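*Asks:* here is a sequence with its predicted model. Questions after.
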Amino acid sequence: MKKIILAALAIAALASCNKTEVVGVTESNAIAFDNAFVDNATKSVNDPSFTNSNLFNDFAVYGFVEGAVLFDGTQVSKSITNNDLSSEWRYEGTQYWIAGAQYNFHAIAPMTGGGWTYNDVDSDATSTTLSFVNNGTTDLLYATKAQVGATEDNAEVAFSFRHVLSKVKFSFENAYNATNATIKVKNIKITNPHKTATVVLTDATVWSNQIADDLVLEFGMATDDEDTADKENVEVAYAFGKTYESENELFLIPSASYAYNVTFDVELLVSGQPIDTYGHTVTATFAPVAGNSYDIKAVINATNIDPEHAQEPIEFTVNTLSGWTSAADVNAQYPQQNN
């Protein structure tokens, strides 16, 4: 069986960045939350990541003052319309700053539909433990903040969220070098991703107890990734030398080295006419790291487009060249000339 080699490349580590400006210092000593910030550094056709321009609507806060519980999974939310981020984050049951007191906060986003269950948060803000169920399409973010209460002009708690899942997409290069031939790649899937796990959220995110269940991640087809409305999400036949990306990027639970089962179909067309469709089942083995985005690349050529047989080029040769055969003499009758 001819194999397609899948290479997993880390293209961007989505480490959190510090916000440089202090927004909306509170006029009273009520504890308020700043416009939560999350860093992002990737681009694709359909990217499910939460970014500054695509913000989550709510997050959960666990907070402690001198070790005493202040917030116990309190929902902090805002109304976001047309990516307008100007509204304030709000919560019910106002809490207040105590001058000189040590506060420690944890935040987990999104709170609604995030797939996580709180197990434990320690009061000194060094770790948070969650059980998590992945659906492949919902980002998971975490932030922590320590702050000392001031006598006045206490700043809002400014969270810098970081991604704690891994993100993956596929790229397919057409190296099938035949005149008038194009290919389409469809039905790209990971059939055995981890669905559940436990995560301890610290400065070094630690995942454990990863279990594969019935989750299948569907990446769609390989399509054009340009920001052109009539090209996005459209089935495209692409020519020799072209590389197209999977329609979707999806999330993986980070883990140690793991063999991901990948399936996809490659359709071969000649002069626009479908000739055959080849089903592939291959393995991509790598260790996804929290906050990293991966591009799993494959090259399709004549030796692997058909998983059962390498295709051989059509060649021509000359075996013999027949000689001339002498025919009987022909007496031509020419018309007489008039003198």
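*Replies:* Good, I have the coordinates. Treat the numbers as computed from the prediction; the structure is a model and nothing was measured.

*Asks:* in stretch 75-86, which residues are buried?
*Replies:* 76-78 (16 or more other CB atoms under 10 Å). No exception for glycine: its C-beta is placed from N, CA and C like everyone else's.

*Asks:* burial measure for the closest residue to residue 190 other than its chain neighbours, as a count.
*Replies:* Leaving aside its sequence neighbours, residue 190 sits nearest to residue 217 (CB to CB, 6 or more residues apart in numbering; 4.4 Å). Residue 217 sits with 22 neighbouring residues when counted by other CB atoms under 10 Å.

*Asks:* who touches the most centrally placed residue in the chain in this structure?
*Replies:* Centroid-nearest residue in the chain, with CA atoms, centre = their mean: residue 249, separated by 3.0 Å. When contacts are counted by CB atoms under 8 Å, 6 or more residues apart in numbering, residue 249 touches 42, 44, 46-49, 167-169, 219, 293.

*Asks:* restricted to strands, list these.
*Replies:* Using DSSP state E, 167-169, 219, 293 are the members of those that sit in strands.

*Asks:* residues in a beta bridge with residue 72, which ones?
*Replies:* residue 62 (DSSP bridges).

*Asks:* repeat for residue 281
*Replies:* Counting by DSSP bridges, residue 281 is bridged to residue 263.

*Asks:* just the one 4 residues further on next, same as before
*Replies:* Here residue 285 sits in beta bridges with residue 259, going by DSSP bridges.

*Asks:* OK, contacts around it?
*Replies:* Here residue 285 is in contact with 257-260 (criterion: CB under 8 Å, 6+ apart).

*Asks:* mind listing what residue 208 touches?
*Replies:* Here residue 208 is in contact with 197-200 (CB under 8 Å, 6+ apart).

*Asks:* who does it bridge with?
*Replies:* The partner residues for residue 208, given DSSP bridges, come to residue 198.

*Asks:* mind checking how far it is from residue 220?
*Replies:* 31 Å (CB to CB, to the nearest Å).

*Asks:* among the buried residues of stretch 75-86, which are in strands?
*Replies:* Counted as lying in strands by DSSP E, out of these, are 76-77.

*Asks:* want to throw the buried residues of stretch 75-86 into a markdown table with distance to residue 319 and pLDDT?
*Replies:* A markdown table is the format used below for those (distance: CB to CB, whole Å; pLDDT from 0 to 100):
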| residue | distance to residue 319 | pLDDT |
| --- | --- | --- |
| 76 | 82 | 94 |
| 77 | 80 | 91 |
| 78 | 79 | 85 |
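
*Asks:* can I assume residue 299 is in contact with residue 173?
*Replies:* Yes. Judged on CB atoms under 8 Å, residue 299 makes contact with residue 173 at a distance of 4.7 Å.

*Asks:* which of the ones in strands among the contacts of residue 249 count as buried?
*Replies:* 167-169, 219, 293.
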